[in-house]
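Student: Structure of the sequence below:
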Amino acid sequence: MRLIRRFYNYYFHPEKELARRLRSLLGFTPVHLSLFKLAFYHKSTFTSRDYAIANNERLEFLGDAVLSTIVAEYLFKKYPNYDEGFLTKMRSKIVKRNSLDDIADKMGLDLFLANYNQTRLSKSMLGNALEALVGALYIEVGYDRTKYYVIKRILRRYLDIHELEQFDDNYKSQLLEWCQKNGHQIDYKVLAKYKSDKRDKFKVAVYVDGKKLGTADDFNKKSAEQLASERAMASLGILGRATSGAPVSQDDDDD
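Tutor: The predicted structure follows:
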């Protein structure tokens, strides 16, 4: 029955073009075509009270959990001699928002999003769609086949795992560590929360010893904190050498 449904979706379904594009992306034609279509609907497209079940947020929630589990299992088996701290950092590098946004962009998910949303696309929508796609996959084919897809068609195709081992772009963690080591007080404050493209956006600032050294805006507060931290580190002159003892900059901030 599933084979017949896939045949119908590919050749006769009103959304057969979507079915064919998904086959190219996934390697098979989905049975639940409407579920995968939902994965590309962002909440900003809807204004009715029913938007909560007519966008990809629920699938994103499921996909986030499934993806995190798959990545954790993959790293656990790939690095049998590394401790929990290393595995946690590696998983964070892979499943964090910026990484997922970049992967989704390379996969061409922006083309799917453009078909089903009337709002201007933002980079964060890409990562959300990727998580929603993983959620739809999990419902369609179960954990084992979803794991196979994620590892073969995402991790091995779009990530340089050995490069990630050496790369650390958790700027908030680096800045916190530098401040603790050098005796500086650090604080993060949300300066504003406002609407942009029908979505909440946050303006965040980081203060070192009471001096504002970096600000950033993003749809995700944690992402804004990371970007603000990177700018603060640049202002301090410690970007790329966060364990040094560089003094706190006394230059006036730009904001």
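Student: so how far is Ile94 from Phe40?
Tutor: For Phe40, the distance to Ile94 (C-beta to C-beta, to the nearest Å) stands at 22 Å. Any C-beta I mention is one placed from the backbone N, CA and C, and that applies to glycine too.
Student: er, Arg145 I mean
Tutor: Arg145 sits 20 Å away from Ile94 when distances are taken as C-beta to C-beta.
Student: Counting neighbours, go ahead and name the busier of these two.
Tutor: Ile94 (22 against 14; other C-beta atoms under 10 Å).
Student: So the nearest residue to that one once chain neighbours are set aside, which state does it fall into?
Tutor: In space, Ile94 comes closest to Val71 once its chain neighbours are excluded; the distance is 5.2 Å by C-beta to C-beta, 6 or more residues apart in numbering. Recorded secondary structure, Val71: helix (DSSP: H, G, I helix; E, B strand; the rest coil).
Student: Kindly report the same for the one 5 residues further on.
Tutor: The assignment at Phe76 comes out as helix when based on three-state DSSP.
Student: Quickly note the distance from it to Tyr188.
Tutor: For Phe76, the distance to Tyr188 - C-beta to C-beta - is 32 Å.
Student: If you count surrounding residues, which of these two has more?
Tutor: Per other C-beta under 10 Å, whichever of Phe76 and Tyr188 has more neighbours is Tyr188, with 18 against 13.
Student: Run through the helices of the stretch 101-250 of the chain in chain order.
Tutor: 109-116, 123-149, 156-158, 161-166, 171-182, 221-236 (DSSP state H, counting those that start in this stretch).
Student: where among the ones you listed is the average confidence lowest?
Tutor: Ranked by mean pLDDT, these end with helix 161-166 in last place, scoring a mean of 88.
Student: In contact with the spatially most central residue of the chain, which residues?
Tutor: By C-alpha atoms, centre = their mean, the chain has its centre lying nearest to Arg97, at 2.4 Å. With contacts taken as C-beta atoms under 8 Å, 6 or more residues apart in numbering, Arg97 has the following neighbours: 124, 127, 220, 222-223.
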